[in-house]
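Novice: pasting the sequence and the predicted coordinates here, then a few questions.
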Amino acid sequence: MGRSATVFACSACGQETPKWHGRCPGCGDWNTIVEEARRPAPDSARKGGRALKPIPLGDVEAPAVQRLSTGIGELDRVLGGGLVPGSLVLIGGSPGIGKSTITSTALGNLAAVGRRVLYISGEESAAQVRLRAERLGDAALRVPVVAETDADSVIATIEAERPEVCVVDSVQVLYDPGLSGSPGSVGQVREVAGRLMRVAKERGVAILLVGHVTKEGSLAGPRVLEHLVDCVLSFEGERERTYRTLRALKNRFGSTNETGVFEMRENGLAEVEDASRRFVSEATRAPGSVVLCAMEGSRPLLVEVQALVAPMELVPPRRVANGVDRSRLALVLAVLSRHAGLTLGSSDVFVSVAGGVRVEEPGADLAVALALASAARGVEPAGAPLAAFGELGLTGEMRHVAHPDRRVAEARKFGLSHVLHPGTTDGLRAALTAGLSGSAARAA
Ligand code: TYD
Ligand code: MG
């Protein structure tokens, strides 16, 4: 297939230009113009369209897809029941989080049950990939590997090998020699992923595409690829901590609610199936510690929220949030100050979810508020460990969140009889009184 000259297009508004600009002439945004390859359409495609015959959806044949199990239960669950043949799955996460480990393990498991697999490493040499595989066990050592960054060679290899499942690690280091941009630039990443998408669909190869996300979330990678791929999985956690969570941000073949919990060990990632039990048993009974009954997709998960309130060292005071959303923390602090008389304006405030787990839902508000109040007053929550969930409204009211019964049931299952939630108290003040005075509401 021949190549025509490349064109430039704005990744924000789509405006095309014949040359690169720092600022888009269409929408005026800066640094949005990227190079795009335009391949001439074959002549046969230019003969004008022919009218198609629409068919009722009920008559459309939809063969049940046979999903491939990766042998990692938590990963299969997040994918919606295993890998769909011919799908393109992007696994994003910060460097060192374990993307290469989980993809190597999955390929090893697939190879062990006789699936054809291929690991394409652009970041590490084959020897480095082998060293990792040695930690993961015999199955991982059976995975065929090539170390290559040239997209043309990568595509040719996939075409020749016809694996059922292929890992490309990572999309940022592949480059298309037909484009001038450097590897990792928006134009390159988009083109490379587009080409992999076509091979995946045409050859029925499930491709796991690894992509790095930087701390700031600024990367030419996952962001620009989200619309293109079938699934976007995000691997989160802190490199220094043992726990990692895997969640689906987009899934054409399943729900985006599922989360898998893993622990990084000496010999690879271990699935944590009884995460609630672990987190509850590790929870301290000290002031500032509250167990949050979170929902991770369809699964309730108990995690420990810890807060520390200390005299301010610098102006402005510090607000550090690990595992909870920073802006939610700001909101909880404002509501505490305005509606519960707890003003922390001259204190440094730290909140974190133990174990490095991230909790995105607003249902965390009440647990964060209780942990803060308990830390600020230096009193341990009533009947510690105290469990809580619920969203805080701007007027100090408590708002209901999804699945209260399952959250309460999970707490009771692990021996937590004190659960504060919107169904047991009205208003933040009442919740704080109950949670910190020893009269916490009994779970109904
Ligand atoms: P890696 O999968 O290489 O991360 P990524 O591909 O996301 O950059 O693994 C990251 C870290 O995990 C690395 O610092 C080493 C550690 N690790 C273990 O602790 N145990 C293991 O069995 C393996 C393979 C890695
Ligand atoms: Mg890696």
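Specialist: Arrived safely, thanks for sending. Residues are numbered from 1 along each chain as shown. Ligands and ions are numbered 1, 2, ... in the order given.
Novice: can we go C-alpha only for contacts and neighbour counts from here?
Specialist: Fine.
Novice: helix or strand right after the lengthiest strand in the chain?
Specialist: Ordering each strand of the chain by length in residues (DSSP state E) puts strand 299-311 first. Per DSSP states H and E, the first helix or strand lying C-terminal to strand 299-311 is strand 319-322.
Novice: residues touching that following strand, excluding its own?
Specialist: Applying Cα atoms under 8 Å, 6 or more residues apart in numbering, the contact partners of strand 319-322 are 326, 329-330, 348-353, 356, 358.
Novice: give me the secondary structure label for C27.
Specialist: Put simply, C27 is coil when judged by DSSP: H, G, I helix; E, B strand; the rest coil.
Novice: mind checking pLDDT for E216?
Specialist: E216 carries a pLDDT value of 56.
Novice: I meant G2, not that one.
Specialist: Reading off the model, G2 has pLDDT 43.
Novice: what of V229?
Specialist: Confidence for V229, expressed as pLDDT, is 93.
Novice: hey, what's the residue nearest to it when sequence neighbours are not counted bridged with?
Specialist: In space, and not counting its chain neighbours, V229 is closest to L88: 5.4 Å by Cα to Cα, 6 or more residues apart in numbering. Beta-bridge partners recorded for L88 (DSSP bridges): I207.
Novice: show the contacting residues for L88.
Specialist: Applying Cα under 8 Å, 6+ apart to L88 gives the contacts 196-197, 200, 206-209, 229-231.
Novice: for stretch 396-405, which outside residues touch it?
Specialist: Residues contacting stretch 396-405 (Cα under 8 Å, 6+ apart): 295, 335-336, 339-340, 363, 390-393, 422-423, 426-428.
Novice: repeat the analysis, applying 10 Å as the threshold.
Specialist: By Cα atoms under 10 Å, 6 or more residues apart in numbering, the surrounding residues in contact with stretch 396-405 are 293-295, 298-300, 332, 334-340, 361-366, 389-393, 410-411, 421-423, 425-429, 431, 444.
Novice: let's see that stretch as CSV, backbone CA atoms only.
Specialist: Listed in CSV are the C-alpha atoms of stretch 396-405, where the atom choice follows Å, rounded to 0.1, in the frame of the first residue of the first chain:
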residue,chain,number,x,y,z
GLY,A,396,-24.2,19.2,55.7
GLU,A,397,-26.8,16.5,54.9
MET,A,398,-25.9,12.9,54.4
ARG,A,399,-26.8,11.5,51.0
HIS,A,400,-27.6,7.9,50.2
VAL,A,401,-25.2,5.9,48.1
ALA,A,402,-25.7,2.7,46.1
HIS,A,403,-25.9,-0.8,47.7
PRO,A,404,-26.2,0.1,51.4
ASP,A,405,-27.3,-3.4,52.3
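Novice: quick one on the thing from earlier: from the contacts of strand 319-322, which single one is nearest ligand 1?
Specialist: G356 (14.7 Å; Cα to the nearest ligand atom).
Novice: name the nearest residue to that closest one, ignoring sequence neighbours.
Specialist: Spatial nearest neighbour of G356, excluding adjacent residues (Cα to Cα, 6+ apart): G237 at 5.4 Å.
Novice: check P317 too.
Specialist: D348 (5.0 Å).
Novice: list the contacts for the one you found?
Specialist: Counted by Cα under 10 Å, 6+ apart, D348 has contacts 308-320.
Novice: for the closest residue to ligand 1 within the stretch 201-350 of the chain, which non-adjacent residue is spatially closest?
Specialist: In the stretch 201-350 of the chain, the residue that lies nearest ligand 1 is G268 (3.2 Å; Cα to the nearest ligand atom). Residue nearest to G268 in three dimensions, not counting chain neighbours: L136, with 5.5 Å by Cα to Cα, 6+ apart.
Novice: ok, that neighbour touching E266?
Specialist: Yes: here L136 lies in contact with E266, judged by Cα atoms under 10 Å, at a distance of 8.8 Å.
Novice: more crowded one of the two?
Specialist: It is L136, of L136 and E266, that has more neighbours when counted by other Cα atoms under 10 Å, with 20 against 9.
Novice: how near is A434 to H227?
Specialist: From A434 across to H227, the span is 47 Å (Cα to Cα, to the nearest Å).
Novice: the more surrounded of those two?
Specialist: More neighbours surround A434 than the other of A434 and H227, with 19 against 11 (other Cα under 10 Å).
Novice: isn't the more buried one right next to P381, touching?
Specialist: Yes: counting by Cα under 10 Å, A434 does reach P381; the two are 9.1 Å apart.
Novice: can you lay out the contacts of strand 319-322 as a markdown table showing secondary structure, distance to ligand 1 and pLDDT?
Specialist: Shown next, in a markdown table, are the contacts of strand 319-322 (DSSP: H, G, I helix; E, B strand; the rest coil; distance: Cα to the nearest ligand atom, whole Å; pLDDT from 0 to 100):
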| residue | secondary structure | distance to ligand 1 | pLDDT |
| --- | --- | --- | --- |
| R326 | helix | 24 | 93 |
| L329 | helix | 28 | 96 |
| A330 | helix | 31 | 96 |
| D348 | strand | 31 | 96 |
| V349 | strand | 30 | 97 |
| F350 | strand | 26 | 97 |
| V351 | strand | 25 | 97 |
| S352 | strand | 22 | 94 |
| V353 | strand | 21 | 92 |
| G356 | helix | 15 | 78 |
| R358 | coil | 17 | 83 |
